[in-house]
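Engineer: Here you go, sequence then predicted model.
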Amino acid sequence: MRRLIHEKGRIPPGQYPVPPSVFLREESIVLLEQITTIDKRQSRQYLGTFDARQMDAIRRCIEISIGQAIPERENLP
């Protein structure tokens, strides 16, 4: 995860904002368009988990990133 700010102030559909918590000091963004597999040995420490609501939102972002879902349009003309 890393901190990003979209130029229009909105977060693109392939990114999921994560608020500060016990395991994360600053607000961050999960970059779901950049998913990669790592070996367990590469992980330095356990940070925490997402709840079911967050995982549903993350699943939706992944579907959008791989073209399996169409993001809703907020302001239709």
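Structural biologist: That came through fine.
Engineer: what's the burial count for residue 35?
Structural biologist: Residue neighbour count, defined by other C-beta atoms under 10 Å, stands at 11 for residue 35. All C-beta atoms are positioned from the backbone trio N, CA, C, and that covers glycine.
Engineer: doesn't residue 61 make contact with it?
Structural biologist: No - with contact taken as C-beta atoms under 8 Å, residue 35 and residue 61 are classed as non-touching, separated by 10.2 Å.
Engineer: Strands of the chain, residue ranges please.
Structural biologist: Per DSSP state E, the chain carries strands over the ranges 15-18, 28-31.
Engineer: Tell me which of the ones you listed sits nearest to residue 49.
Structural biologist: Counting by C-beta to C-beta, residue 49 lies closest to strand 15-18 out of the strands of the chain; the figure is 11.6 Å.
Engineer: residues of the closest one that come out buried?
Structural biologist: Of the residues in strand 15-18, those scored as buried under the neighbour-count criterion (16 or more other C-beta atoms under 10 Å) are 15, 16, 18.
Engineer: Pipe those residues into a markdown table and attach pLDDT and distance to residue 43 per row.
Structural biologist: As requested, these are arranged in a markdown table below (pLDDT from 0 to 100; distance: C-beta to C-beta, whole Å):
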| residue | pLDDT | distance to residue 43 |
| --- | --- | --- |
| 15 | 87 | 22 |
| 16 | 89 | 20 |
| 18 | 89 | 17 |
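Engineer: Tell me the one of those nearest residue 65?
Structural biologist: residue 15 (8.9 Å).
Engineer: so the closest one touches residue 34, yeah?
Structural biologist: No - under the contact definition of C-beta under 8 Å, residue 15 does not touch residue 34, with a separation of 9.4 Å.
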